[in-house]
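*Asks:* sequence? don't have it. structure:
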């Protein structure tokens, strides 16, 4: 795997876009910032080879890389994350997605394993994004502190008695909305 440079990252604020803006302006800022990150870190990513899109539906993920046969094809960024977290959160997501593209290019690795975690630390981004949309339901364990956010009506949400806590084996209950 190619070594990623230790040069300092570009300041996300220098590439920011503020609200209100169009999806096109948002994506233009994201691509310009992505190119600056690639230049500073020597990631094996060609930003212009990727299709960049905005997801207005995403509630759980801040971004995604779509790939076919190990070849990265597109990057999708969540509009809701930008609305709730601003440009700083989006810039972190851009760096996160660039790591996925780099690891796909280098060794067909789309996951969040050790190589990803090491690059996430180098690129000052997170492995998992912070919640930016409130879930429709919370699944709570009756015996331990486990709490799971759910955004869709799943089998677990519809019938929690058929399942048990993955941590302790306890009974589960489902509560609507607010986690408190």
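*Replies:* The structure has been received and is ready for your questions. Model, not experiment: these values are computed from the prediction.
*Asks:* rest of the way, CA atoms for contacts and neighbours
*Replies:* Fine.
*Asks:* which residue is the nearest non-sequential neighbour of residue 38?
*Replies:* residue 45 (6.7 Å; Cα to Cα, 6 or more residues apart in numbering).
*Asks:* quick one, what contacts the residue in the chain sticking out farthest from the centre?
*Replies:* Centroid-distance maximum for the chain: residue 161 at 31.1 Å, with Cα atoms, centre = their mean. Taking Cα atoms under 8 Å, 6 or more residues apart in numbering, we find residue 161 in contact with 171-173.
*Asks:* quickly run through the sheet partners of the single longest strand found in the chain, with directions.
*Replies:* Determined from DSSP state E, the single longest strand within the chain is strand 71-78. Next to strand 71-78 in the sheet, as set by DSSP bridges, lie strand 51-55 (parallel), strand 63-68 (antiparallel).
*Asks:* show me the chain divided up by domain.
*Replies:* 12-122, 137-176 (automatic domain parsing).
*Asks:* which secondary structure elements does the helix or strand bottoming out on mean pLDDT in the chain contact?
*Replies:* Using mean pLDDT, DSSP states H and E, strand 147-150 stands out as the lowest-scoring helix or strand of the chain, at a mean of 84. Packing partners of strand 147-150 (3 or more Cα pairs under 8 Å, 6 or more residues apart in numbering; DSSP states H and E): strand 137-141.
*Asks:* can we see that at 10 Å?
*Replies:* Secondary-structure packing of strand 147-150 (3 or more Cα pairs under 10 Å, 6 or more residues apart in numbering; DSSP states H and E): strand 137-141, strand 172-176.
*Asks:* same list (the domains of the chain) but as CSV, adding distance to residue 128.
*Replies:* Formatted as CSV, these follow (distance: least, Cα to Cα, whole Å):
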stretch, distance to residue 128
domain 12-122, 9
domain 137-176, 14
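*Asks:* winner for burial among these?
*Replies:* Between these, domain 12-122 has the highest mean count of neighbours, a mean of 18, where neighbours are mean count of other Cα atoms under 10 Å.
*Asks:* shaky segments in the protein?
*Replies:* Low-confidence regions of the chain, defined by pLDDT under 70, span residues 1-7, 131, 178-180.
*Asks:* tell me where it has helices.
*Replies:* 23-41, 79-107, 114-122, 155-158 (DSSP state H).
*Asks:* could you dump these into a markdown table with distance to residue 56 added?
*Replies:* Formatted as a markdown table, these follow (distance: least, Cα to Cα, whole Å):
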| stretch | distance to residue 56 |
| --- | --- |
| helix 23-41 | 10 |
| helix 79-107 | 5 |
| helix 114-122 | 25 |
| helix 155-158 | 24 |
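*Asks:* and residue 133, which of these is closest to it?
*Replies:* helix 79-107 (7.5 Å; Cα to Cα).
*Asks:* now for that closest one, which elements pack on it?
*Replies:* Secondary elements touching helix 79-107 (3+ Cα pairs under 10 Å, 6+ apart): helix 23-41, strand 51-55, strand 63-68, strand 71-78, helix 114-122.
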